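Trainee: what shape does this take:
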Amino acid sequence: MKFNKFLTGLLASALLLVASCNDDEVFVNQEESYSGILVSNEGNYGTPSGSVSFIANDLSSIENGIFKTVNNENLGDVVNNIGFSGDKAYIVVNNSNKIEVVNRFRFNKETTITDNINQPRYIAFSGNQFYVTNSKFNTFDYVSVYNTTNNAFVKKITFNDTVERIVAAGNKVFVQHASYGFGNSISVINSANEVEKTITLPAGNITKTVASDNMVYSLAPDGTDTYLYQINTAGTITKQIKYAGITSGENLSIENNRVVFNSKGNVYVTDLSNTVTPSPVFTITPFADASTIYAMEVIDGKIFISDVKNYVDDSKVSVYTLTGNLLKTFSAGKIAGGFYKN
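Mentor: Alright, predicted model coming up:
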């Protein structure tokens, strides 16, 4: 009887110990998780100085160089874009001609994709496949397609026009044929990986194309005015808004039907339903001769902006409310070029 009680007590103690260990393990895992905001830092061209920074959701801290911290190796030359599928993050490293695949929350490296990758630019996911734009000026332009299950190469889709940003909506993929302020068309790739049609925008040159709520949006200034185009999954322009007098709209971001973009140092916030030209919510004073707003993204109702200074020093990241109140500033990596909710 006493022996049975002893065994019962021993078992209870063991279970308590296991529970305590499990609690500690969960706590450690939560501490190690990079769940928050990721920043892609291009780094200086020709050097392996590209990196990824992590900003906590509550803006309490920033951690730079997380890929190198976790994997003890440099990420590469020109970190251009980050995409997500399931528990994986795909880091597009342009001048190193590769995509590094990591666990998106732990950032440990899982594999490196180099097959049919040459000067990769942007990545998008649709169904069980992902699509990467590869472009070298006046040399080649194509989209390489892969299976998300095993990262195996599926197909190369070639174009006679530059390929840059790429987004998914519905079961279609939309390829922006515009870079550096030149180009006004978008191709639609269907689920069979065939080019279904090409859309030509009536005015302006595309600066950025994004997807939101199963629609595609492109911002296109013409030097006098800026136009916002809404495109449905059939590849039809369903809305055109003219922002009169805004000469060089760029860095389009859409969240919860709120449209955010900038023209030089002026930041505009408006609604998708608003057809009246908005006034700037706030203005940022330029830093020397460099671009004051190199990248901008709205995440969880906050505007993240990077100032790449002289393209040599570490970037300054500023976080604002939608009404223009400055919340926080950080020092990120060199040439911070993108913000991503993780």
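
Trainee: which strands or helices does the helix or strand harbouring residue 84 pack on?
Mentor: Assigned by DSSP states H and E, residue 84 falls within strand 79-85. Applying 3 or more C-beta pairs under 8 Å, 6 or more residues apart in numbering; DSSP states H and E, one finds that strand 79-85 contacts strand 36-41, strand 51-56, strand 88-93, strand 120-126, strand 336-341. In short, each C-beta sits where N, CA and C put it, glycine included.

Trainee: hey, which of the ones you listed is tucked in deepest?
Mentor: Mean neighbours per residue, mean count of other C-beta atoms under 10 Å, is largest over the helices and strands packed on strand 79-85 for strand 36-41, with a mean of 25.

Trainee: what sits against the nearest residue to residue 272 once chain neighbours are set aside?
Mentor: What sits nearest to residue 272 in space, not counting adjacent residues and going by C-beta to C-beta, 6 or more residues apart in numbering, is residue 257, at 4.7 Å. By C-beta atoms under 8 Å, 6 or more residues apart in numbering, the contact set of residue 257 is 213, 271-273.

Trainee: what pLDDT is listed against residue 257?
Mentor: Here, the pLDDT recorded for residue 257 equals 96.

Trainee: contact partners for residue 79?
Mentor: 40-43, 50-52, 91-94, 337.

Trainee: wait, which of those residues is closest to residue 170?
Mentor: Nearest to residue 170, judged by C-beta to C-beta, of the contacts of residue 79 is residue 92 at 23.1 Å.

Trainee: residue contacts, residue 206?
Mentor: Here residue 206 is in contact with 176-178, 183-184, 186, 218-220 (C-beta under 8 Å, 6+ apart).

Trainee: how close does it get to residue 182?
Mentor: Per C-beta to C-beta, to the nearest Å, residue 206 is found 9 Å from residue 182.

Trainee: could I get the contacts of residue 206 in TSV, plus columns for neighbour count, distance to residue 127 and secondary structure?
Mentor: Shown next, in TSV, are the contacts of residue 206 (neighbours: other C-beta atoms under 10 Å; distance: C-beta to C-beta, whole Å; DSSP: H, G, I helix; E, B strand; the rest coil):
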residue	neighbour count	distance to residue 127	secondary structure
176	26	20	strand
177	25	23	strand
178	24	25	strand
183	19	27	strand
184	20	28	strand
186	26	20	strand
218	28	23	strand
219	27	27	strand
220	26	28	strand
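
Trainee: let's have the residues you listed in a markdown table, adding distance to residue 240 and pLDDT.
Mentor: Formatted as a markdown table, the contacts of residue 206 follow (distance: C-beta to C-beta, whole Å; pLDDT from 0 to 100):
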| residue | distance to residue 240 | pLDDT |
| --- | --- | --- |
| 176 | 17 | 98 |
| 177 | 18 | 98 |
| 178 | 17 | 97 |
| 183 | 17 | 97 |
| 184 | 13 | 98 |
| 186 | 14 | 98 |
| 218 | 10 | 98 |
| 219 | 12 | 98 |
| 220 | 10 | 98 |
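
Trainee: ok, so of the residues you listed, who is nearest residue 317?
Mentor: For the contacts of residue 206, the nearest to residue 317 is residue 219 (21.8 Å; C-beta to C-beta).

Trainee: which residues touch the closest residue in space to the closest one that isn't next to it in sequence?
Mentor: Among residues not flanking residue 219 along the chain, residue 252 sits closest, at 4.0 Å (C-beta to C-beta, 6+ apart). By C-beta under 8 Å, 6+ apart, the residues touching residue 252 are 207-210, 217-219, 228, 259-261.
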